[in-house]
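> 3D model of this:
(4 chains)
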There are 2 protein chains.
Amino acid sequence: MGTTKSEGFSEEVNELASLFKAMGHPARIAIIQFLRTQEKCICTDLVNELPLAQPTISQHLKELKNAGIIQGSVSGTSICYCLNLEKISALDAFLASLKYDQNPTCC
Amino acid sequence: MGTTKSEGFSEEVNELASLFKAMGHPARIAIIQFLRTQEKCICTDLVNELPLAQPTISQHLKELKNAGIIQGSVSGTSICYCLNLEKISALDAFLASLKYDQNPTCC
DNA sequence: TTATAATATCGTAATATTGCAATATAACAA
DNA sequence: TTGTTATATTGCAATATTACGATATTATAA
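Numbers count the residues shown, from 1 in each chain, chains lettered A, B, ... in the order given. Predicted structure coming up:
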């Protein structure tokens, strides 16, 4: 136990869950919000922006990257991280569908 | 350590993170998807639907409820759980805003 | 009242996550 | 080369999450 049980759930459900999970941390939401405002997104800026140590931020960036929510391209000594709109759209589509399919007679 | 650091992040960031976190589990996504299709949403149905034991499902329902993503109203021996569209919309709005604010020159 | 059915809570073992200091790596500058 | 700057990795202690059996609770049925 302690492990999340993924067998018995559809691929789609597991994929959505892991994307939401990747966004389920304030540091990672803050990173995403920051990326949105930046032309060039360098990790040093984040170290100055977030109340966390550099290794911790690096770890959060890695999780977002593993989930496919951000993409990073090396650019000399620094790295340009950007949002991957495909994944964002997948989550957005799921949430939007919930709004429209809602049974109005329930609760 | 081990605790998520929430000081130093805005209220909004913390709230979004905790909503995403609540959705970051396959069982909880499956619950949400199931609720969407049901007129009456009773936990017993979920027990037959999900590959998890009843106490585990009850626990996941509680987490969704604590996050405000679902609402439950007692109805005799059973409970009618429903989606709270307000929270769903908050997440949806956040994701939608990411799509539109994206800097096209980045990456 | 007693039984039954639906759901919640408790306790606990297994595992995962978080945060950071220390250290490594990699690219560029002097 | 040596230094410097930006980022990643490692190792680890503290805490959180997950799953479930056992048990409690609560509402109705008999």
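> let's verify A:Ser6: helix, strand, or coil?
coil (DSSP: H, G, I helix; E, B strand; the rest coil).
> should've said A:Gln71
Following three-state DSSP, A:Gln71 is assigned to strand.
> next, count neighbours for it.
The number of residues packed near A:Gln71 is 16, by other CB atoms under 10 Å in any protein chain shown. For every residue, glycine as well, the C-beta is placed using N, CA and C.
> residues contacting it?
A:65, A:81-84, B:107 (CB atoms under 8 Å, 6 or more residues apart in numbering or on different chains).
> which of these sits closest to DNA strand C?
Checking these against DNA strand C by CB to the nearest atom of the strand gives A:Lys65 as the nearest, at 13.3 Å.
> which residue is the nearest non-sequential neighbour of the closest one?
A:Gly72 (6.0 Å; CB to CB, 6 or more residues apart in numbering or on different chains).
> A:His60 versus that neighbour, what's the distance?
The gap separating A:Gly72 from A:His60 is 13 Å, by CB to CB, to the nearest Å.
> out of these two, which sits in the more crowded spot?
For A:Gly72 versus A:His60, neighbours defined as other CB under 10 Å are more numerous around A:His60 (20 against 16).
> would you mind pulling up the elements that the helix or strand hosting that one packs against?
For A:His60, the host element (DSSP states H and E) is helix A:54-67. Under the contact criterion of 3 or more CB pairs under 8 Å, 6 or more residues apart in numbering or on different chains; DSSP states H and E, helix A:54-67 touches helix A:11-23, helix A:26-37, helix A:43-49, strand A:70-75.
> among these, which comes closest to DNA strand D?
helix A:43-49 (3.2 Å).
> quick one: that closest one near DNA strand D?
Yes - judged by CB under 7 Å from any atom of the strand, helix A:43-49 comes into contact with DNA strand D at A:43-44, A:47.
> pLDDT and neighbour count for the residues you listed - can I get that in CSV?
Below are the residues of helix A:43-49 next to DNA strand D laid out as CSV (pLDDT from 0 to 100; neighbours: other CB atoms under 10 Å in any protein chain shown):
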residue, pLDDT, neighbour count
A:Cys43, 76, 16
A:Thr44, 81, 12
A:Val47, 93, 14
